[in-house]
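In: Need a 3D model of the sequence below.
(one chain, ligands or ions: 1)
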Amino acid sequence: MPEIAVRMTKRNHNAFVHLLGALESQGFDLGELLVTKDFNEILKARPKVVLYSFFTEEIWGDLPHEVKRLKERGALLIAGGYHAIAMPKHTLNQLGFDIAVIGEGEEVLYQLLTTLKKTGYKITKELLNIMGLSFYLDGELTFTGFAKVENFWRFPPYPESLRLISPIEISRGCPFSCYYCQTPYIKGLRMRHRPIDQIVRYSRRMKDIRYITPNAFAYGSPGAILKLNKLEALLKALQPLRKEGRRLFYGTFPSEVRPEFVLPETLELLTDYADNRRLAIGAQSGDDAMLKAMHRIHKVEHVKRAVEYMLEYGFEPVVDFIVGLPNESEESQRKSIELMEWVMKKGGKVRAHYFMPLPGTPYARCKPSPLDDEMKKFLGRMASKGKIEGSWGKQVELSRKLQRLIEEFYEEPMSHTVPVRNVC
Ligand code: SF4
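Out: Numbering: from 1, shown residues only. Have a look, this model is predicted:
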């Protein structure tokens with residue numbers, strides 16, 4: 001029976017596929033692992049160690065129940081992912097995990113599992129030599145530092161010995177530091193990229209080719225500027241795969257592009273070299289003052305220009321908004337309504353999200369602003385007509401839970417590069 005199990009879920013699938021690729025490439029035999037989305041299979045196997053990776057919102061789902069069942073069986077539980085990184089004390093003390101992995105996981109996970117195998121799956125002082133862990137040793141909370149993986153592309157996106165596949169992470173890190181977003185604080189401010197030949201090689205395994213990146217048009221750049229030649233080189237290199245019958249989806253689910261990168265030259269590349277005719281951008285607000293306050297860097301005019309260009313080039317714009325942002329006035333909400341209406345009138349789609357104070361971000365301690373009646377009526381009306389997508393309704397409750405969690409268990413966040421500013 002395998003001694004280590006990987007608790008895969010729909011939400012952590014992509015992360016674990018990449019981590020399993022990294023483990024295998026460092027010499028770990030994946031045959032020793034039970035990798036499954038079926039929790040009962042893990043219970044039956046009675047592994048000594050179970051690996052989890054989850055977002056904060058998942059702590060209100062099945063997770064606590066699963067942890068309890070596994071603890072009863074004496075398993076050592078390891079947590080990675082955004083919640084464990086942003087709230088390691090909560091992960092250990094309240095959720096009941098034994099070890100939290102802090103930072104980028106490729107190297108730390110390999111070192112952790114090989115060490116645990118040698119030490120009989122016990123927490124020992126050997127773990128102090130591994131960067132990127134938090135755990136209790138002799139009753140004392142330890143933190144060994146934030147694990148960073150500068151050249152994440154040294155690790156393949158997929159394992160060879162398991163039939164697992166996911167959209168490939170082609171770029172990591174983001175320099176924009178939007179205050180509501182966890183990515184720059186956990187993945188770093190400098191964008192790094194997987195080399196083209198590797199992307200092409202692994203993309204062959206997908207019928208519909210999709211990628212993970214914070215800004216698909218920033219491929220090849222440090223992140224804040226467009227490197228058209230690099231983007232073109234990537235898209236051109238993928239053309240033989242399209243000729244073999246695969247479809248290439250670029251700048252759309254599960255990634256998106258920033259509005260100011262939507263230009264005739266980038267859209268021409270997509271027209272020539274990709275199959276999607278839908279493109280997702282984040283507008284977030286229709287008020288320049290709010291965009292400035294949340295450190296978005298771009299302005300409303302960039303969003304409008306991007307939508308106009310997309311329509312001109314035959315792309316359906318999908319535009320994301322956040323409503324209920326901290327310190328959002330009635331006037332700001334009215335401006336967002338105006339911009340949403342403008343996008344829809346033009347023929348674009350709007351996706352509305354309610355503000356969520358995520359741990360580990362500068363906005364973690366900020367309160368959402370109440371939605372005024374005009375905004376509530378507008379969103380309700382548009383949703384009933386099928387004109388607005390998004391789950392802002394459900395997110396209102398989730399946002400409240402996050403506020404309560406952060407009020408009660410706030411932790412000074414650790415970060416990849418810069419300290420995380422507390423804006424509120
Ligand atoms: S929201 Fe997008 S652009 Fe802003 S920091 Fe996050 S990944 Fe970067």
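In: What strand or helix carries Leu109?
Out: Per DSSP states H and E, Leu109 falls inside helix 105-118.
In: what does Pro419 give?
Out: Here Pro419 is assigned to no helix or strand, by DSSP H and E.
In: For it, give its distance to Ser177.
Out: 12 Å (Cβ to Cβ, to the nearest Å). From N, CA and C alone the C-beta is placed, and that goes for glycine too.
In: Looking at the two, which one has more neighbours?
Out: Ser177 (20 against 10; other Cβ atoms under 10 Å).
In: any idea how far Glu389 is from Asn93?
Out: For Asn93, the distance to Glu389 - Cβ to Cβ - is 38 Å.
In: same deal with Pro317?
Out: On the measure of Cβ to Cβ, Pro317 and Glu389 end up 13 Å apart.
In: Can you work out which residues contact both of the two?
Out: Lys349 (Cβ atoms under 8 Å, 6 or more residues apart in numbering).
In: which of those two has more neighbours?
Out: The neighbour comparison of Pro317 against Glu389 (other Cβ under 10 Å) goes to Pro317, with 24 against 15.
In: State the pLDDT value of that one.
Out: Confidence at Pro317, expressed as pLDDT, is 96.
In: What parts of the protein come near the ligand?
Out: 174, 176-178, 181, 183-184, 214, 258, 282 (Cβ under 6 Å from any ligand atom).
In: and with 5 Å instead?
Out: 174, 176, 178, 181, 183-184, 214 (Cβ under 5 Å from any ligand atom).
In: Pull the most distant pair out of the residues you listed.
Out: Spanning the widest gap among the residues of the chain next to the ligand are Cys178 and Pro214, at 9.9 Å by Cβ to Cβ.
In: helix, strand or coil for the closest residue to Ser399 other than its chain neighbours?
Out: In space, Ser399 comes closest to Met356 once its chain neighbours are excluded; the distance is 4.9 Å by Cβ to Cβ, 6 or more residues apart in numbering. When classified by DSSP: H, G, I helix; E, B strand; the rest coil, Met356 comes out as coil.
In: can you map out the strands along the stretch 251-400 of the chain?
Out: 278-284, 316-323, 349-354, 388-389 (DSSP state E, counting those that start in this stretch).
In: Going by contacts, tell me the helices and strands next to the first one.
Out: The elements that strand 278-284 packs onto, with contact taken as 3 or more Cβ pairs under 8 Å, 6 or more residues apart in numbering; DSSP states H and E, are helix 300-312, strand 316-323.
In: Report the buried residues of the longest one.
Out: So the one you mean is helix 300-312. 300, 302-307, 309-310 (16 or more other Cβ atoms under 10 Å).
In: mind listing what the residue nearest the centre of the chain touches?
Out: With distances taken as Cα atoms, centre = their mean, the residue of the chain nearest its centroid is Thr183 (6.6 Å). Counting by Cβ under 8 Å, 6+ apart, Thr183 touches 173-174, 214.
In: same thing but at 7 Å, please
Out: 174, 214 (Cβ atoms under 7 Å, 6 or more residues apart in numbering).
In: again, but for Ser221
Out: Taking Cβ under 7 Å, 6+ apart, we find Ser221 in contact with 191, 227, 230.
In: strand partners of the helix or strand where Ser134 lies, parallel vs antiparallel please.
Out: Ser134 is part of strand 133-137 when elements are defined by DSSP H and E. Listed by DSSP bridges, the sheet partners of strand 133-137 and their directions read strand 99-101 (antiparallel), strand 140-143 (antiparallel).
In: average model confidence for that strand?
Out: Mean predicted lDDT for strand 133-137 stands at 98.
In: Now it - C-alpha only, PDB.
Out: What follows is strand 133-137, C-alpha atoms only, in PDB (Å, rounded to 0.1, in the frame of the first residue of the first chain):
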ATOM      1  CA  LEU A 133       8.100  24.900   5.900                       C
ATOM      2  CA  SER A 134       6.200  25.700   9.000                       C
ATOM      3  CA  PHE A 135       5.500  23.100  11.700                       C
ATOM      4  CA  TYR A 136       5.700  22.500  15.500                       C
ATOM      5  CA  LEU A 137       8.900  20.900  16.800                       C
END
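In: Report the helix or strand with the lowest average pLDDT across this structure.
Out: strand 388-389 (a mean of 84; mean pLDDT, DSSP states H and E).
In: Can you tell me what sits against it?
Out: So strand 388-389 is in contact with 349-352, 379, 382, going by Cβ under 7 Å, 6+ apart.
In: now stretch 101-111
Out: 19, 22-23, 26, 28, 78-80, 84-85, 88, 130-134, 143, 146-149, 152, 155, 414, 416.
In: Relative to the whole chain's centre, how far out is it?
Out: Computed by Cα atoms, centre = their mean, to the nearest Å, the separation of stretch 101-111 from the middle of its chain amounts to 17 Å.
In: With stretch 410-424 instead?
Out: Counting by Cα atoms, centre = their mean, stretch 410-424 comes out at 17 Å from the chain centroid.
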